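**Q** Starting from these lines, generate the structure:
(one chain, ligands or ions: 1)
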Amino acid sequence: MSEIAVLGAGLMGHGIALVLALGGHAVRLTDGSDAVLDRVPGLIAAAVETLHEAGALDRTETAEAVTARIRRSGDLAETVAGAELVIEAITENPEAKRALFAELDRLCPPETILASNTSYLDVFPLIPAARQRRAVIAHWYTPPYIVDLVDVVPGPETDPEVVGFIRDLVLGLGQVPIVLQRFVPGYIANRIQQAISAEVYRLLDEGVASPREIDDAIIHGLALRIPVLGHLAKADFTGLELQRHALRNGTYQPPPPRSRSDILDRLCEEGRTGVMAGRGYFDWSGRSPEELFRERDRKLLALKQAMKRVGRMEGA
Ligand SMILES: NC(=O)c1ccc[n+]([C@@H]2O[C@H](COP(=O)([O-])OP(=O)(O)OC[C@H]3O[C@@H](n4cnc5c(N)ncnc54)[C@H](O)[C@@H]3O)[C@@H](O)[C@H]2O)c1
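**A** Model (predicted):
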């Protein structure tokens, strides 16, 4: 059991704190906003209830027991005192992160590992030079207590022992670390997601298909094979010569970079911003966001359990 401090208790911070507490670690959690910190026990109780319902967590592990392993404090110095690992999960703003790392440099002993959960920022230039050897990116996905992938990314000077520490920590949580050789914005999963988004904006804006048809194609065409084969093992099964011909023929051209989508702009201007607003690409009205998130999480957990039973293709 390690003492771990999590900075920022928003969407990601409270979820990461929960995953660490479920792994038996003593967690300290802080946020610049007391209101955000006060919300944490309720969010953790709801998440634990969802895990119980799905049979993904033993009922003897109660929300009270998990919450008791997360010490909340509005004070940064108190939060990081004695922590061997500090995980930064504050707002994705480079100047806020730079100021926080400068403060951590003042507060933490030299051996403390400083990890960032940033999605797209190269944080290493924002971290003081003296801390570079003990600095690393540890990037969870949302919700962290359901999605197992964690990207682990060293900076140019990161000690390999620090990468090993984070990798072992993530494995110990029952999650899946992947270690990248260097930082690239969006890592792997988010970059592939962005490539899918670019194609989807084109198909929608050019009127090729409706949101329902696009999601049907993804769910019934792409999704089934991915849990078993990933992408590259699927290519091996298709045969690489076919892939080579497809590339050479050039009949498919990826979408050019774009900075906007007509349909996305229209939906946002109409206030159709997604589940929280009751409507987005689809109409979710009539059910509360809590109910919708709960159904999503229940289904994701059921699928995850099936994926564990089935397993990926041996040899890949
Ligand atoms: N939202 C996602 O899906 C997702 C996924 C992976 C990684 N991330 C990354 O995780 C980080 C946090 O994202 P989020 O979605 O949880 O944001 P969020 O806005 O939900 O939470 C950020 C929290 O940080 C707090 N904060 C800001 N400055 C602070 C400071 N100096 N000290 C303490 N607390 C401070 C805010 O009050 C807020 O509660 C970002 O770097 C983001 O890129 C987000």
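**Q** Run through the residues that contact residue 196.
**A** residue 218 (C-beta atoms under 8 Å, 6 or more residues apart in numbering). For glycine as for every other residue, the C-beta is placed from the backbone atoms N, C-alpha and C.
**Q** And what about it, helix, strand or coil?
**A** What DSSP: H, G, I helix; E, B strand; the rest coil gives for residue 196 is helix.
**Q** ok, now residue 136?
**A** strand.
**Q** pretty sure it contacts residue 153?
**A** Yes - Residue 136 lies in contact with residue 153 (C-beta atoms under 8 Å); the separation is 6.9 Å.
**Q** hey, C-alpha coordinates of stretch 252-263 in CSV?
**A** Extracted in CSV, the C-alpha atoms of stretch 252-263 (Å, rounded to 0.1, in the frame of the first residue of the first chain):
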residue,chain,number,x,y,z
TYR,A,252,-10.2,5.8,-50.3
GLN,A,253,-8.8,9.2,-49.4
PRO,A,254,-8.8,10.2,-45.7
PRO,A,255,-10.5,13.4,-44.9
PRO,A,256,-8.4,16.6,-45.0
PRO,A,257,-7.8,18.3,-41.7
ARG,A,258,-10.8,20.4,-40.7
SER,A,259,-11.4,22.8,-37.8
ARG,A,260,-15.2,22.7,-37.9
SER,A,261,-18.3,20.6,-38.8
ASP,A,262,-21.5,22.2,-40.1
ILE,A,263,-23.8,19.7,-38.2
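**Q** and it, average pLDDT?
**A** The average pLDDT for stretch 252-263 rounds to 94.
**Q** Off-centre distance for that stretch?
**A** Distance of stretch 252-263 from the chain centroid (C-alpha atoms, centre = their mean, to the nearest Å) equals 25 Å.
**Q** Now that stretch: buried residues?
**A** residue 261 (16 or more other C-beta atoms under 10 Å).
**Q** Stretch 93-105 now?
**A** By 16+ other C-beta under 10 Å, the buried positions in stretch 93-105 come out as 97, 100-101, 104-105.
**Q** what's the closest of those to the ligand?
**A** Proximity of the buried residues of stretch 93-105 to the ligand (C-beta to the nearest ligand atom) peaks at residue 100, which lies at 4.8 Å.
**Q** need the contact list for that closest one.
**A** Contact partners of residue 100, counting by C-beta under 8 Å, 6+ apart, are 7, 88, 90.
**Q** Work out for me the element it sits within.
**A** Taking DSSP states H and E as the definition, residue 100 sits inside helix 94-107.
**Q** and if you look at residue 82?
**A** With DSSP H and E as the criterion, residue 82 is inside neither a helix nor a strand.
**Q** List the contacts of it.
**A** residue 3.
**Q** ok, now how distant is it from residue 117?
**A** Residue 82 is 21 Å from residue 117, where distance means C-beta to C-beta, to the nearest Å.
**Q** For the ligand, see how far away residue 260 is.
**A** Applying C-beta to the nearest ligand atom, to the nearest Å, the value for residue 260 to the ligand is 21 Å.
**Q** What are the boundaries of the helices in the stretch 101-250 of the chain?
**A** Under the criterion DSSP state H, counting those that start in this stretch, the stretch 101-250 of the chain contains helices at 160-172, 189-205, 211-216, 226-229, 232-238, 240-249.
**Q** For the third one, which residues meet the burial criterion?
**A** Along helix 211-216, these residues count as buried under the neighbour rule (16+ other C-beta under 10 Å): residue 214.
**Q** try the first one
**A** Residues of helix 160-172 classed as buried by neighbour count (16+ other C-beta under 10 Å): 162-163, 165-167, 169-170.
**Q** Report all helices and strands that that helix contacts.
**A** On a contact count with 3 or more C-beta pairs under 8 Å, 6 or more residues apart in numbering; DSSP states H and E, helix 160-172 meets strand 85-88, strand 113-116, strand 135-140, strand 149-154, strand 176-179.
**Q** just the angle between the third one and helix 160-172, please?
**A** By that I understand strand 135-140. Interaxial angle of strand 135-140 relative to helix 160-172 (axes from the mean of the first three to the mean of the last three C-alpha atoms, to 10 degrees): 20 degrees.
**Q** If I take strand 135-140 and helix 189-205, what angle do their directions form?
**A** Using the same axes, to 10 degrees: strand 135-140 against helix 189-205 is 50 degrees.
**Q** returning to that earlier point: of the helices and strands packed on helix 160-172, which is nearest the ligand?
**A** strand 135-140 (5.8 Å).
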